[in-house]
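Engineer: Turn this into a model:
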Amino acid sequence: MGKVRRFNKRGQEDKLYFLIWEMIALAAVILVILIAVRGVVNGSSYWKKYYSSDLALMSDLANTNRGDFTINYALKSQGDNYWSKIYLISNKMFEISMESDAVKVYDAPKEDSKSFYTFPFAKNKDVVVQENSVISDFIVLSKSGSIMSIGEYGLSKSSDCNSMQPMDTRADMALININSFSTDAKTNLFSDSISAILKNHNINNEMANGSDIIMAYSKDASFTIYYSLDQKNLLSKKLACLVAREYSLDPRFASNAVDIKPYDGFLDNNKAYADYMSREFGDKEFWIVILLSDNELVKRNIDRNQFAQVVKNAVVKYYG
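Structural biologist: Here you go, the predicted model:
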């Protein structure tokens, strides 16, 4: 009986070792597959081929369409989701080149690109293609009359605000949640006026997980509206564009230029801003930063209530 028990024990150990080796082999196979997939997706060749063919097919439509139209094209972000973080996939910038009969895609800048992909499109003899190159994460393919061109969002142009996606339409303005706060004493009153006029327009500004209009001050800086570079980038860009447009079109402020730029971290060391960014927001929407200087606050002495009206008009048109 003792010998039988030893035999059974040895057999159980053999099965355990076999199972362990099977698991190790399976893990090795999975690891090899993951590395191979990451290599393909993380390699720029895949995306260059993808964008060149996709944009060329859209250019076919532009050449065959008799009317005017605009296509807003967002390049896919490879680094802003769960799987991208698991695979350690990094974002890449590409230079899109529109030529007379083809679309070429390079690593940006194209002077340093080791290779490129090209894809031809059908050329209409009555359409003139403006040859151009663009480095952007959001581009515009357009045809106006007999001219076809490619470009990026010119946020200073009023027409771009209307076409910018996405538009969040809400019939009840009370469902909108936009807060306003200031990072310094110089712009506190501006922030208070914006909050007050939004509230008077039945726009909620008392919830922590809404959108935000952040007022900031720098003595010698130019008047600038900054949009975020996070996953809410396009939402932020749209509101920044609309605020700048409303301000520029208002005859009370028309002579004062407005810059629109991606946020560059200039407020990261500001305590109020840092405290704000460190809060738990839940399902937060988007934010912009409006930077005023002594040119607006002292030299031009712009009226804070008139400025708040401009911001309110932009918000209403954003959700219009």
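
Engineer: Who are the packing partners of the helix or strand hosting residue 180?
Structural biologist: According to DSSP states H and E, residue 180 maps onto strand 178-182. For strand 178-182, the packing partners by 3 or more C-beta pairs under 8 Å, 6 or more residues apart in numbering; DSSP states H and E come out as helix 188-200, strand 211-217, helix 271-277. (Each C-beta comes from the backbone N, C-alpha and C, glycine too.)

Engineer: again, only using 10 Å
Structural biologist: Here strand 178-182 is seen to pack against helix 188-200, strand 211-217, helix 271-277, strand 287-292, helix 304-318 when contacts are counted using 3 or more C-beta pairs under 10 Å, 6 or more residues apart in numbering; DSSP states H and E.

Engineer: Quick check: mean pLDDT of it?
Structural biologist: Averaging pLDDT along strand 178-182 yields 85.

Engineer: follow-up on the earlier one: now the weakest link among the helices and strands packed on strand 178-182, please, by mean pLDDT.
Structural biologist: Here the helices and strands packed on strand 178-182 differ in mean pLDDT, and the lowest is helix 271-277 at a mean of 79.

Engineer: got a list of contacts for that one?
Structural biologist: Outside helix 271-277, the residues within contact range by C-beta atoms under 10 Å, 6 or more residues apart in numbering are 179, 181-184, 212, 214, 216, 266-268, 270, 287, 289.

Engineer: Farthest pair within these?
Structural biologist: Maximum pairwise distance in those, criterion C-beta to C-beta, is 20.7 Å, between 179 and 266.

Engineer: Pass me the low-pLDDT residue ranges in the stretch 101-250 of the chain, would you?
Structural biologist: Segments of the stretch 101-250 of the chain classed as low confidence (criterion: pLDDT under 70) are 153-176, 202-210.

Engineer: Show me where it has its strands.
Structural biologist: 102-107, 116-120, 128-129, 132-135, 138-144, 147-152, 178-182, 211-217, 224-227 (DSSP state E, counting those that start in this stretch).
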